[in-house]
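Enquirer: predicted coordinates and the sequence they were generated for:
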Amino acid sequence: MATPSYYRQQAQAYAQATQGVDMAALHARFTPHLPPGGRVLDAGCGAGRDARAFAAMGYQVAAFDASPELAAIASAHSGLAVQVADFLTLPTPDAPFDGIWACASLLHVPQADQPLAWARLWQALRPGGVVYASYKLGDDALPAERMDELGRAFTDGTPERLARWVRGLADLARVDTWVTGDQGERAGVMWLNVLVIKA
């Protein structure tokens with residue numbers, strides 16, 4: 001089953017599995033970089049868990065997902081108008097965002113397209129803004145791309161790979177990475193978390 005087919009057929013099950021996951025610890029690494037009431041883009045928002053949380057915190061939130069089924073679920077869950085789009089076709093926003101949240105979403109972009117996906121997000125970010133992203137933690141001795149047991153395509157991240165993907169971004173001020181276990185407490189699943197800050 002290809003990645004789009006999985007999310008088309010399993011959208012409700014995916015929403016039930018992810019909407020209740022407590023992301024407060026990761027939100028707390030992201031939101032200090034945002035101005036009060038700032039503009040946030042939830043990029044690849046899935047079932048709308050984080051978009052809803054950021055809106056409840058008082059931020060102006062926009063969101064998109066490549067899956068029409070998940071976008072509809074996210075819209076209902078968050079009360080926001082969720083666009084159907086992907087990282088490579090993301091339209092230019094009317095105004096730049098203060099922060100972009102790409103939680104477990106860029107990891108479905110092929111490795112060859114990672115620099116372009118980051119460039120598209122970077123264009124939507126204001127000077128001084130921040131992007132958060134997360135990838136399943138990879139190993140530089142192993143291929144970056146793989147398929148999981150459900151047929152979804154993944155690009156696993158490492159600090160070295162991330163450095164290559166973002167090195168062409170203009171006005172790159174800082175890149176912070178850290179590793180966490182799974183917020184949903186799945187045993188053995190480790191995540192590379194990333195904050196990329198624009199000068």
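Expert: Looks like it arrived, so ask away.
Enquirer: Tyr132: which element?
Expert: Tyr132 is part of strand 125-136 when elements are defined by DSSP states H and E.
Enquirer: what comes into contact with the helix or strand that comes right after that strand?
Expert: Counting by DSSP H and E, the next helix or strand C-terminal to strand 125-136 is strand 145-147. Contact with strand 145-147 is made by 110-111, 153-156, as judged by C-beta atoms under 8 Å, 6 or more residues apart in numbering. Placement of C-beta: from N, CA and C, glycine included.
Enquirer: how near is Ala25 to Val179?
Expert: Ala25 is 13 Å from Val179, where distance means C-beta to C-beta, to the nearest Å.
Enquirer: and Cys103, by the same measure?
Expert: Here Cys103 is placed at a distance of 15 Å from Val179 (C-beta to C-beta).
Enquirer: report the buried residues of the strand or helix carrying Phe30.
Expert: Following DSSP H and E, one finds Phe30 within helix 24-30. Neighbour-count burial for helix 24-30 flags 26-27, 30 (criterion: 16 or more other C-beta atoms under 10 Å).
Enquirer: re earlier: what is the strand holding Tyr132 packed up against?
Expert: Under the contact definition 3 or more C-beta pairs under 8 Å, 6 or more residues apart in numbering; DSSP states H and E, strand 125-136 sits against helix 24-30, strand 97-102, helix 114-123, strand 190-198.
Enquirer: try it again with 6 Å
Expert: Contact partners of strand 125-136 among helices and strands, from 3 or more C-beta pairs under 6 Å, 6 or more residues apart in numbering; DSSP states H and E: strand 97-102, strand 190-198.
Enquirer: looking at those, which is buried most?
Expert: For those, average neighbour numbers computed from mean count of other C-beta atoms under 10 Å are highest in strand 97-102, which has a mean of 24.
Enquirer: what angle sits between that strand and strand 190-198?
Expert: Interaxial angle, strand 97-102 versus strand 190-198 (axes from the mean of the first three to the mean of the last three C-alpha atoms, to 10 degrees): 160 degrees.
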